[in-house]
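Q: quick one: sequence and predicted model below, then my questions.
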Amino acid sequence: MNKLVLFATANWDRETIVQMSGTARVLQFTSDSRAILAPGVREELVDLQGKKHLGPGVRTVVGRPDDRLLVVDNGDNSFRLVSNRPDAKENRFIGHRAPVNAGAVSDTVKWLASGSSDGTVRLWDQASGREIGQFVAFANNEWIVMAPEGYYNSSPRGHEYLSIRRGSKIYGIDQFYDVFYRPDIVTTKLKGEDIAGLVTLTVEEAINHPPPRVKFSAVPGQTGDPKVRLCYQVQSTGGGIGEVRLFQNGKLVKSDGFYREVAAQGSTAPLKPATLNSRAVYQDMRSLTVKGKQGPGAVLMRPKGELVDECVELESIAGENEISLAAFNAPNTVQSAMGTVRFISTRNPDEPRLYILAVGIDRYRDPSINLKYAAKDLLARLSEKAATIYKPANIHLTSLVNEQASKQNILATTEKLAAQVRHGDSFIFFNASHGLLWQSQYYIVTSSFDGRLDSSASLISSNEIVGVSKKVKSLSQLFIFDTCHAGGVDTIVSGLYDARMSVLAKKMGLHIYASASSVQTALDGYRGNGLYTHALLAGLKNGRAVDKDKSGTVTVKSLGSYSKELTVELSGSLGHPQTPLIINFGKDYPLYRLQSIS
């Protein structure tokens, strides 16, 4: 009714009614409680006797009436900050694509927040007027946070809803995933720290080398042949051609690039995990970036020209086969839009087989980092449950514990399994040990680790994990890392860990469960297991609680969701918060069926 009603809080009596010129969106008392700032159609300062004082004559979004610290809309989607301080400058904040209608400002906080009808909330540096980051929330609870340089953090599918336009060309932010999904850099930026030493390139620089176009030749809609020949073409659009990835049912089956191993710094003395904390990780990343500003993408195994025209022969699996193709620009920074073809194979399905490789390490060559419960594994419980889907003879278990779990032996075992596993089989890799982040990569710490980080003979890198997944032909793969970080972990390094794991999962097109905990005795030892392993075992035991959609089966995705929720609940009660990272880029598939109660 365009009226402002004031009440005395002592007895809640109505004191006065003030007629307004429009609806007031924000009401804010001055510190002496004698007046109210009421931004509406026009800004008004109203005292308790109903006297009005007009503001600066434009729409004020929000303000602090005591010191005239006001966020004022300029009418052109920009806004300015007005203050009565003698040294104040009226910075103009430009970036929103629609009117600004909300804000938050304080003279004790260096950031300024603004909300706009363009759907974004943005943070700005009050002093310089530079944008720090923007936040977008979607109706389905997905979200994305993006720094001006292009680095972003998002919910599992948040990046699918955001595109970057340059002229007439539109790129999905998903096409920059391998390089620009960096929760750690976003967190660093929002904390007000300098990210210059961490930035390898910006989105603007990446778009200067546009991604190529990909397309398949026609394929038959249906075939009974065990192998199918597929031909595809990759055409440069001015940015050259980099790594080419081919996926079958979401799983990486062919690529001609690999992620760069960052060279160890020869001048650095051998380090031990005890000295590897969050600060050391980030200082190492900054120094590596400054010393040699290499692109963060893949190293090509062979150079390419402007056109790639190839054919491959792929083994089909019974039922639907979905083949997808993606290619990067020459610097491997921007991925093309995905090309996809589908066909139905009428071949008779093979009996399903399950292969499990479990690695558990308590004892290390360097005894100072020994664990207590990592060597206990999931084999017995998992094989028991898997028998509801697989014949006992088709369940193949391999366990490597402590001294057996050297780097050489783990990789040799995966080579043997790769020769046995077929496309239609399922493969689970479970690792309980130490893990660490160093030189911009994730590493599994094997039992031969002697305490020195300059030894590659005992660390399995994320590059080598990619190699294992590619060699194993199974299209249904689950990798479980119940690894305690060797060294301190804070939110920034945890974000780097999330980024490395997520890129790893997407690159391979598979599922990853990562416990992502720091080294804490309570978490390593919970009822005879690591905490996350305990949560997984609980999920295998309590299938009906896991099967929330009542499908009658426990799947990779449902077990991952349950184990994450339980770990968060238990770790919170222990006073050591731990949130597992569950990443699903492959197709969901059942782990076991629920048996009816007689």
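A: Thanks, I have it. Residues are numbered from 1 along each chain as shown.
Q: check the gap between Arg80 and Asn91 for me.
A: 7 Å (Cβ to Cβ, to the nearest Å). (Each C-beta comes from the backbone N, C-alpha and C, glycine too.)
Q: what count of nearby residues applies to Ser155?
A: Residues within reach of Ser155, counting by other Cβ atoms under 10 Å, total 16.
Q: isn't it up against Asn140?
A: No. Counting by Cβ atoms under 8 Å, Ser155 sits too far from Asn140 to count as a contact (9.3 Å).
Q: tell me the average confidence for the lengthiest strand in the chain?
A: Counting by DSSP state E, the longest strand found in the chain is strand 426-438. For strand 426-438, mean pLDDT is 87.
Q: strands paired with it, and their directions?
A: Paired strands of strand 426-438, with direction, are strand 354-360 (parallel), strand 441-445 (antiparallel), strand 476-485 (parallel) (DSSP bridges).
Q: mind checking the ones you listed for the one nearest to Tyr232?
A: Among those, strand 476-485 comes nearest to Tyr232, with 23.5 Å by Cβ to Cβ.
Q: now do that closest one, average pLDDT.
A: Mean predicted confidence for strand 476-485 is 84.
Q: repeat for stretch 148-161
A: The average pLDDT for stretch 148-161 rounds to 89.
Q: now the end-to-end length of it.
A: Distance between the two ends of stretch 148-161: 17 Å, counting by Cα to Cα, to the nearest Å.
Q: now that stretch: how far from the chain's centre is it?
A: Relative to its chain's centre, stretch 148-161 lies at 8 Å (Cα atoms, centre = their mean, to the nearest Å).
Q: what's the following helix or strand after the lowest-mean-pLDDT helix or strand in the chain?
A: Within the chain, confidence by mean pLDDT, DSSP states H and E is lowest for helix 521-524 among all helices and strands, at a mean of 47. Per DSSP states H and E, helix 521-524 leads on to helix 531-541 as the next helix or strand towards the C-terminus.
Q: quick one on the thing from earlier: and of the strands paired with strand 426-438, who's closest to Gln233?
A: It is, among the strands paired with strand 426-438 and with distance given as Cβ to Cβ, strand 476-485, at 28.6 Å.
Q: tell me the contacts of the spatially closest residue to Gln126 that is not a sequence neighbour?
A: Excluding the flanking residues, the one nearest Gln126 by Cβ to Cβ, 6 or more residues apart in numbering is Leu112, at 4.9 Å. Each residue near Leu112 by Cβ atoms under 8 Å, 6 or more residues apart in numbering is listed here: 71, 81, 93, 103-105, 123-126.
Q: just checking, next helix/strand downstream of whichever strand or helix holds Leu112?
A: In the assignment (DSSP H and E), Leu112 maps to strand 111-116. Per DSSP H and E, strand 111-116 leads on to strand 120-125 as the next helix or strand towards the C-terminus.
Q: report pLDDT for the closest residue to Leu198 other than its chain neighbours.
A: Nearest non-adjacent residue to Leu198, counting by Cβ to Cβ, 6+ apart: Ile185, 5.4 Å away. Ile185 is assigned 90 on the pLDDT scale.
Q: surely Ile185 is in a helix?
A: Yes. Counting by DSSP: H, G, I helix; E, B strand; the rest coil, Ile185 is part of a helix.
Q: quick one: it and Thr202, what's the gap?
A: Here Ile185 is placed at a distance of 12 Å from Thr202 (Cβ to Cβ).
Q: neighbouring contacts of the host helix or strand of Leu417?
A: According to DSSP H and E, Leu417 maps onto helix 407-420. For helix 407-420, the external contacting residues (Cβ under 8 Å, 6+ apart) are 355, 357, 359, 396, 398, 400, 427, 446, 448, 457-460, 464, 468, 471-473.
Q: take these and keep only those in helices.
A: Among the contacts of helix 407-420, the members falling in helices are 464, 468, 471 (criterion: DSSP state H).
Q: mind picking the lowest-pLDDT entry from those?
A: Looking at the ones in helices among the contacts of helix 407-420 by pLDDT, the weakest one is Glu464, with 87.
Q: any idea what Leu478 is bridged to?
A: Ile428, His511.
Q: any idea how far Asp118 is from Ile582?
A: Distance from Asp118 to Ile582, by Cβ to Cβ: 32 Å.
Q: pick out whichever of the two has more residues nearby.
A: Ile582 (22 against 15).
Q: so what's the more buried one up against?
A: Taking Cβ under 8 Å, 6+ apart, we find Ile582 in contact with 512-514, 560-561, 563-564.
Q: tell me the one of those residues nearest Leu371?
A: Nearest to Leu371 among the contacts of Ile582 is Ala514, at 16.6 Å by Cβ to Cβ.
Q: on the secondary structure side, give me the element for Lys215.
A: With DSSP H and E as criterion, Lys215 is part of strand 213-216.
Q: which residue ranges make up each domain of this protein?
A: If you go by automatic domain parsing, the domain ranges for the chain are 209-260+295-345, 354-593.
Q: what about those domains, which gets the closest to Met1?
A: Met1 lies closest to domain 354-593 among these, at 47.2 Å (Cβ to Cβ).
Q: quick one: distance of that closest one to the chain centre.
A: 17 Å.
Q: that domain: end-to-end distance?
A: End-to-end distance (Cα to Cα), domain 354-593: 14 Å.
Q: same deal with stretch 326-338?
A: 5 Å.
Q: now that stretch: buried residues?
A: 326-337 (16 or more other Cβ atoms under 10 Å).
Q: would you reformat the contacts of Leu112 as CSV and include neighbour count and distance to Ser368?
A: Output for the contacts of Leu112, formatted as CSV (neighbours: other Cβ atoms under 10 Å; distance: Cβ to Cβ, whole Å):
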residue, neighbour count, distance to Ser368
Val71, 25, 54
Leu81, 23, 54
Phe93, 22, 52
Gly103, 26, 52
Ala104, 15, 48
Val105, 20, 50
Leu123, 19, 43
Trp124, 26, 47
Asp125, 15, 44
Gln126, 20, 48
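Q: with the residues you listed in mind, which one is nearest to Lys215?
A: Distances from Lys215 to the contacts of Leu112, taken by Cβ to Cβ, are shortest for Leu123, at 41.3 Å.
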